[in-house]
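# Fold the following.
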Amino acid sequence: MTHVLEVNNVSAAYRKNKVLDNVTFAVDKGTLTGIVGPNGAGKSTLIKTLLELHPSLSGDVAFFGHSLKAEKTRVGYVPQRGSVDWDFPTNALDVVMMGLYQKIGWFKWPMRRHKEKAFETLDKVGMADYAHRQISQLSGGQQQRVFLARALIQEADLYFMDEPFAGVDASTEKAIMTILKELKNTGKTVLVVHHDLQTVTDYFDQVLLLNRSVIAHGPTVTTFTQDTIANAYGGAVRWMKEGLQHGHPTVQ
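Down below sits the predicted model:
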């Protein structure tokens, strides 16, 4: 069976500093993968490079066995909230409808059914009451829900999400996680850049430990171990209790 995503020897750099070094891994359909590693490990750069938002130095990437260009409509992306210009004069409904432009066409007006679909998707993330609110007037958690809705309305098969839980409240994190698990249960595939080591085992069935290159990748229950975490973080990890089986790792 062809993997949903195949990454072979991908390297990337910022100026002369290599931030990804021969990254190789493959992702199966219907999995929920946490991309975990220390600051500066290249997690966000990995997603941007795979999606051709950042140039690669070398390597090959296949989406459903083909190029990104051939399968672009099947791929959704939620960027880091901090990378978005939230002062842009638009409301939540319009932001969500942006996710439909590949289907509508950039120079065509959205139809009533498109707006209804956007409302339905906003309702799914608990934001229907804010449909006509300017995005600059929303809280951080509300903004993140709107961007999640923009990705969901694409009805993609593969989703990339860059730190979706950063700066959000506990209720928003719980709501987002519920949606991600629903996506997985319907056969969708999701990769999430994640920073909270304490929730990895609860949130993800697969984990990719990254520190410029792949330290480990596989089922969370067998891959997210003391040794692989220490290798990824250079030993800068302590456990709240002795042994990963009885506690949670945290970065010092």
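# what's the helix or strand for Val23?
Assigned by DSSP states H and E, Val23 belongs to strand 17-27.
# neighbouring contacts of that strand?
3-13, 33, 40, 42, 45-46, 49, 56-59, 189, 191, 206, 208, 210, 212-214, 217 (CB atoms under 8 Å, 6 or more residues apart in numbering). Every C-beta, even on glycine, is put in place using the N, C-alpha and C of the backbone.
# Now, of those residues, which are buried?
Among the contacts of strand 17-27, those buried by neighbour count (16 or more other CB atoms under 10 Å) are 3-7, 10-13, 33, 42, 45-46, 49, 56, 59, 189, 191, 206, 208, 210, 212, 214, 217.
# Give me the subset of those residues that lies in helices.
45-46, 49 (DSSP state H).
# TSV please, covering the residues you listed and showing distance to Met177 and pLDDT.
Below are these laid out as TSV (distance: CB to CB, whole Å; pLDDT from 0 to 100):
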residue	distance to Met177	pLDDT
Thr45	24	95
Leu46	21	97
Thr49	26	96
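# shaky segments in the stretch 101-250 of the chain?
Counting by pLDDT under 70, the ranges of the stretch 101-250 of the chain that qualify are 101-111, 235-250.
# residue boundaries of the helices in it?
Assigned by DSSP state H, counting those that start in this stretch, the helices in the stretch 101-250 of the chain fall at 101-104, 112-124, 140-152, 170-185, 200-203, 220-223, 226-233.
# residues in contact with Met161?
Counting by CB under 8 Å, 6+ apart, Met161 touches 77-78, 148, 151, 180, 190-193.
# Adding distance to Gly99, write those out as CSV.
Shown next, in CSV, are the contacts of Met161 (distance: CB to CB, whole Å):
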residue, distance to Gly99
Tyr77, 10
Val78, 10
Leu148, 10
Ala151, 6
Leu180, 17
Val190, 16
Leu191, 18
Val192, 18
Val193, 20
